[in-house]
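> predicted structure and sequence below. I'll ask about it afterward.
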Amino acid sequence: MPRLYLAVVALTSLLAACSTAPQRLDLKPAIDVTARNLGQGTPVAVTVIDRRQLTEAQRSGSVTGIDPAVNVVDVVYQEATRALEQLGFAVEPSASPLGNTLTLELLNINYDLSTAVMKKTVFVDADVRATAAAGGNTFATTYRAHQEQEVAFLPSRALSQRLVNETLSNALSRALADPQLMGVLTQRNAR
């Protein structure tokens with residue numbers, strides 16, 4: 001009887017250690033820009049739109065993902081503004097009728113943990129649609145980033161957060177490194 005009791009206690013402890021509460025992750029993307037003064041003071045207005053299709057569990061924070069309290073639009077807007085200013089653009093609060101605009105649509109930021117008997121894999125995806133417009137010219141495309149990492153145990157909040165932020169940063173960095181997108185944004189319009 002004592003052996004059975006010890007086995008049940010050990011199994012219960014093991015199962016409790018394997019279960020985890022959902023992780024609420026902060027969003028802190030960092031757009032990597034290498035070019036300098038590409039924009040040469042060209043005014044540009046930035047708009048960020050959150051088009052993610054969230055489940056009720058994601059909206060309530062009952063599954064691991066971005067904390068519902070985080071204003072995703074504001075966070076991405078601030079980082080995009082910082083990156084564009086580093087690139088030499090003059091970011092304006094709103095677009096003038098013929099002004100240059102950059103619209104970033106967040107289509108997907110997905111975190112998934114696949115668990116098999118002996119291994120677990122974290123999958124993170126980010127899809128961002130960027131549209132640059134200047135005068136009558138427009139360029140739009142979707143930038144995708146994917147990352148997966150095998151883990152022996154359930155990932156820590158720090159690891160989950162790092163993977164989500166790296167993946168979103170990668171998609172946003174690809175957008176601002178795209179020569180076609182930047183080519184439209186750098187066009188000067190006669191005002």
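It's in.
> distance of residue 113 from residue 21?
Note on residue 113: its distance to residue 21, by C-beta to C-beta, to the nearest Å, is 13 Å. Every residue, glycine included, has its C-beta placed from N, CA and C.
> who's more crowded, those two?
More crowded of residue 113 and residue 21, by other C-beta atoms under 10 Å: residue 113, with 17 against 8.
> ok, the more buried one - contacts?
By C-beta atoms under 8 Å, 6 or more residues apart in numbering, residue 113 lies in contact with 64, 120-123, 154-155.
> so which of these are in strands?
Judged by DSSP state E, these include 120-123 as members of strands.
> residue 37 - how many residues pack around it?
Applying other C-beta under 10 Å, we find 10 other residues in the vicinity of residue 37.
> phi, psi of it?
Taking degrees, to the nearest 10, you get phi 50, psi 30 for the backbone angles of residue 37.
> following element in sequence after the helix or strand bottoming out on mean pLDDT in the chain, please.
Across the helices and strands of the chain, the lowest-confidence element by mean pLDDT, DSSP states H and E is helix 2-18, at a mean of 46. Following the chain from helix 2-18 toward its C-terminal end, the next helix or strand by DSSP states H and E is strand 24-25.
> report all helices and strands that that following strand contacts.
Identification of packing neighbours for strand 24-25 by 3 or more C-beta pairs under 8 Å, 6 or more residues apart in numbering; DSSP states H and E yields strand 65-66, helix 157-177.
> did I read that right, residue 126 in a strand?
Yes - checked against DSSP: H, G, I helix; E, B strand; the rest coil, residue 126 lies within a strand.
> would you check that it makes contact with residue 167?
Yes - applying C-beta atoms under 8 Å as the test, residue 126 and residue 167 come out as touching, 4.6 Å apart.
> identify the contacts common to these two.
109, 145-146.
> of those residues, grab the buried ones for ChimeraX.
Burial among those is assessed by 16 or more other C-beta atoms under 10 Å; the matching ChimeraX selection reads:
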select :109,145
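> between the shared contacts of residue 126 and residue 167, which sits nearest residue 83?
For residue 83, the nearest member of the shared contacts of residue 126 and residue 167 is residue 145. The distance, counting by C-beta to C-beta, is 15.5 Å.
> neighbours around residue 25, how many?
A total of 22 residues lie near residue 25 under the criterion other C-beta under 10 Å.
> my read is that it contacts residue 63, right?
No - Residue 25 lies out of contact with residue 63 (C-beta under 8 Å); the separation is 11.0 Å.
> taking the centroid of this protein, which residue is nearest it?
In the chain, the C-alpha nearest the mean C-alpha coordinate belongs to residue 168, at 2.8 Å (C-alpha atoms, centre = their mean).
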